[in-house]
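[1] Sequence plus the predicted model coming up.
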Amino acid sequence: MASSDTAISQDLPDHATTEKVTTSQPAGNSRRWYALVIIALAQLMVVLDASIITIAVPYAQADLDISDANRQWALTAYTLMFGGLLLLGGRMADYLGRRRMFLIGLAGFAASSAMAGFAWDEMSFFAGRALQGVFAAMLAPAALSLITVTFIEQRERARAFAVYAAVSGGGAAIGLIAGGALTEYFSWRWTLLINTPIAIIAAIGGVLLIVRDRPSKRTGGYDLPGAITVTLGLISVVYGFTKAAESGWGASSTVILFAIGAILLAAFVVIEVRTPNPLLPLRIPGDINRGGAFLIAFITPTAMFSMFLFLSYYFQNTLGYSPLKAGILFLPFPITVIISAGITSSLLPRFGPRPLLMLGTGLGTLGFLYLAQLDSDATWVSHVLPSEILIALGMGFVFVSSQSVALHRIKESDAGVASALLNTSQQVGGSVGIALLSTIVAQALSGQGGSEMTLNPTTGEPVPVNPDSFIDATIHSYDVAFYWGAGFMILAFLVSTFMIRLNRHSLGDESQNAAVVAA
């Protein structure tokens, strides 16, 4: 990695040679903040869609006659397209205009959500989910880059990042709550159809409130070889992790997908070094601070997404709670993230990102370690709730601070692709966590004898040989996953300690330089 000072000098030249920022501050302070509400609403919709369908999948499966082997495509079709196309979507935002891609993404997401919600068979359902992923890959980087180029003053940017982080961090939990309520009281279809009116409202607000930006000037053609190799490479890697959870890490299909993904991503790096107009300028992740922030953005969802998954299993399968009740038990998480993100926005200009990242990952570690003490006698109030609060407090510190570092000293012409890389890190990290820890949980369950099943003589359905032992073994397997989550948080703590070198003075310099450039 290049040193921080070298990377900064490349990213932000002196005033004489710096390209002029084309997105000026909106007229009037209130309009800028109203625009942030619209951006946050769109981001919430994207984040919700990854989890809101989770509880509804069994109902969609029965209604559309989807086989057990194919039902995973309800989630995979979305994550494959979303994760694979994010970098291309980010560069399109830079070259075609962030506001334009934001509105196109909203329109496409509204239409594809309606298609999936009104699906008449499994293929139309999966196609709608895939198209949702395509348009989400356009929408998400455009939304974050709009924040980056709209809020240039240090304290305002910290507050804007706090709003964005609260939405991103709490959205998955809110999705579980909303998915449970919509499925239980209306229909599984409404977990998808609800996106259409939200997207239309956000699009109208975007037209009225978000300032039109001028696309960045291109000095050459599109980096099509880079776009093709990175998109196919990321799709192969994300699908590889999905197959690992389904077929095992040693399965030939898993190994082949990982090998193809590694070859394509290596080819992408070679292409980016040699092309004069790269899709992803390597100076963006090459700065040690930003590289650390992208790494933290990859590591923390690895633990957090799997926590949502296994607690959802615990609430519904082990405790027998309804989908709605299971979702409500996650409610303290988004509330705490919102509070923590607001606190972080005030502390970031005073202390800088490094101590806040260390504090956040430390709190996350403690939360996962406490959650790993779960047993058959534990209660939600005494055990799960304190863990949720600790982890959520930590995530608020981490999300706001890491976003600030990841987009530090980014030229406006690179804001879209830098935002996309941050989203890609989070998306792939979540996929890695779910696949890796699902496999570990299955192995832990088998090692405890919890996988021993027999057929119910009346219904013919598989049931545990020893129900009490099965419950204990299941909870033990979740504890193993939570210990792994604590390990990932420790790794993020080490990255925060040794790779993040920015301080509050550096962040202050950024806002001053941005203001000079904008002038």
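    Ah, there it is. Numbers count the residues shown, from 1 in each chain.

[2] Tell me how many other residues surround Asp65.
    Close neighbours of Asp65, defined as other CB atoms under 10 Å, add up to 8. In this view, the C-beta of every residue, glycine as well, is placed from N, C-alpha and C.

[3] whoops, I mixed them up, Ala181
    Here the number of neighbours of Ala181 (other CB under 10 Å) works out to 18.

[4] Do me a favour and average the pLDDT over whichever strand or helix holds it.
    Ala181 belongs to helix 154-185 when assigned by DSSP states H and E. In this model, helix 154-185 has a mean pLDDT of 76.

[5] repeat for stretch 84-101
    Here stretch 84-101 scores 83 as its mean pLDDT.

[6] so where does Ser345 fall, helix or strand?
    In the assignment (DSSP H and E), Ser345 maps to helix 332-351.

[7] got the angle for that helix vs helix 154-185?
    180 degrees (axes from the mean of the first three to the mean of the last three CA atoms, to 10 degrees).

[8] what comes up buried for helix 332-351?
    332-338, 340-345, 347-349 (16 or more other CB atoms under 10 Å).

[9] Any regions of the stretch 301-450 of the chain where pLDDT drops low?
    Residues of the stretch 301-450 of the chain that meet the criterion pLDDT under 70 lie in 412-413, 416, 448-450.

[10] Which stretches in this structure count as strands?
    For the chain, applying DSSP state E gives strands covering 453-455, 462-464.

[11] re earlier: just the CA coordinates for the helix holding Ser345, please, in PDB.
    Extracted in PDB, the C-alpha atoms of helix 332-351 (Å, rounded to 0.1, in the frame of the first residue of the first chain):
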ATOM      1  CA  PRO A 332     -33.400  -2.400  20.200                       C
ATOM      2  CA  PHE A 333     -30.600  -2.900  17.600                       C
ATOM      3  CA  PRO A 334     -31.600  -0.200  15.100                       C
ATOM      4  CA  ILE A 335     -32.700   2.100  17.900                       C
ATOM      5  CA  THR A 336     -29.300   1.800  19.500                       C
ATOM      6  CA  VAL A 337     -27.400   2.200  16.200                       C
ATOM      7  CA  ILE A 338     -29.300   5.400  15.600                       C
ATOM      8  CA  ILE A 339     -28.400   6.800  19.000                       C
ATOM      9  CA  SER A 340     -24.800   5.600  18.700                       C
ATOM     10  CA  ALA A 341     -24.400   7.100  15.200                       C
ATOM     11  CA  GLY A 342     -25.700  10.500  16.500                       C
ATOM     12  CA  ILE A 343     -23.200  10.400  19.300                       C
ATOM     13  CA  THR A 344     -20.400   9.500  16.900                       C
ATOM     14  CA  SER A 345     -21.200  12.400  14.600                       C
ATOM     15  CA  SER A 346     -20.500  14.800  17.500                       C
ATOM     16  CA  LEU A 347     -17.400  13.000  18.700                       C
ATOM     17  CA  LEU A 348     -15.800  12.500  15.300                       C
ATOM     18  CA  PRO A 349     -14.700  16.100  14.700                       C
ATOM     19  CA  ARG A 350     -13.300  16.300  18.300                       C
ATOM     20  CA  PHE A 351     -11.400  13.000  18.500                       C
END
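
[12] What helices and strands are in contact with that helix?
    If contacts are counted by 3 or more CB pairs under 8 Å, 6 or more residues apart in numbering; DSSP states H and E, helix 332-351 sits against helix 154-185, helix 353-371, helix 385-406, helix 504-518.

[13] Give me the mean pLDDT for the last one.
    Helix 504-518 carries an average pLDDT of 45.

[14] Touching stretch 323-335 from outside, list them.
    Applying CB atoms under 8 Å, 6 or more residues apart in numbering, the contact partners of stretch 323-335 are 55, 166, 169-171, 173-174, 176-181, 183-185, 308, 311-312, 315-316, 321, 380, 384-385, 388-389, 391-392.

[15] Surely Leu371 touches Ile389?
    No: the criterion here is CB atoms under 8 Å, and Leu371 misses it with Ile389 at 11.0 Å.

[16] which one of the two has more residues nearby?
    Shown here are Leu371 and Ile389; by other CB under 10 Å, Leu371 has more neighbours (26 against 18).

[17] which non-adjacent residue is nearest that one?
    Leaving aside its chain neighbours, Leu371 sits nearest to Ser387 (3.8 Å; criterion: CB to CB, 6 or more residues apart in numbering).

[18] so how many other residues sit close to that neighbour?
    Neighbour tally, Ser387, other CB under 10 Å: 22.

[19] That one contacts Gly364, correct?
    No: with contacts counted by CB under 8 Å, Ser387 stays clear of Gly364, the gap being 10.2 Å.

[20] low-scoring stretches of the stretch 1-150 of the chain, by residue?
    1-30, 50, 68-69, 71-72.

[21] All the helices of it, residue numbers only.
    Under the criterion DSSP state H, counting those that start in this stretch, the stretch 1-150 of the chain contains helices at 4-11, 29-51, 57-64, 73-96, 98-117, 122-150.

[22] any idea how far the third one is from the chain center?
    The offset between the C-alpha centroid of helix 57-64 and the centroid of the whole chain comes to 26 Å, using CA atoms, centre = their mean, to the nearest Å.

[23] Against which helices or strands is it packed?
    With contacts defined as 3+ CB pairs under 8 Å, 6+ apart, the packing partners of helix 57-64 are helix 73-96, helix 122-150.

[24] how about these in TSV, adding mean neighbour count?
    Converted to TSV, the helices and strands packed on helix 57-64 look like this (neighbours: other CB atoms under 10 Å):
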stretch	mean neighbour count
helix 73-96	24
helix 122-150	25
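
[25] Looking at those, spot the one closest to Ala107.
    helix 122-150 (7.9 Å; CB to CB).

[26] and the direction of the closest one versus that of helix 154-185, what angle?
    160 degrees.

[27] Tell me what angle helix 122-150 forms with helix 385-406.
    60 degrees.

[28] Between helix 98-117 and helix 122-150, find me the angle.
    Using the same axes, to 10 degrees: helix 122-150 against helix 98-117 is 160 degrees.

[29] could you check the angle helix 57-64 makes with helix 122-150?
    Here the directions of helix 122-150 and helix 57-64 differ by 140 degrees (the same axes, to 10 degrees).

[30] Now do helix 122-150: which elements does it pack against?
    Counting by 3+ CB pairs under 8 Å, 6+ apart, helix 122-150 packs on helix 29-51, helix 57-64, helix 73-96, helix 98-117, helix 154-185, helix 415-447.

[31] got a list of what Leu295 touches?
    So Leu295 contacts Ser425, Ala492, Val495, Met499 (CB under 8 Å, 6+ apart).

[32] would you turn the helices and strands packed on helix 57-64 into CSV with distance to Trp249?
    Shown next, in CSV, are the helices and strands packed on helix 57-64 (distance: least, CB to CB, whole Å):
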stretch, distance to Trp249
helix 73-96, 17
helix 122-150, 25
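
[33] out of those, which comes closest to Ile39?
    Closest among those, using CB to CB: helix 122-150, at 4.8 Å.

[34] from the chain's centre, how far out does the closest one sit?
    The chain centre lies 12 Å from the centre of helix 122-150; the measure is CA atoms, centre = their mean.

[35] ok so, going back, closest to Gly240 out of the helices and strands packed on helix 57-64?
    Among the helices and strands packed on helix 57-64, helix 73-96 comes nearest to Gly240, with 10.6 Å by CB to CB.
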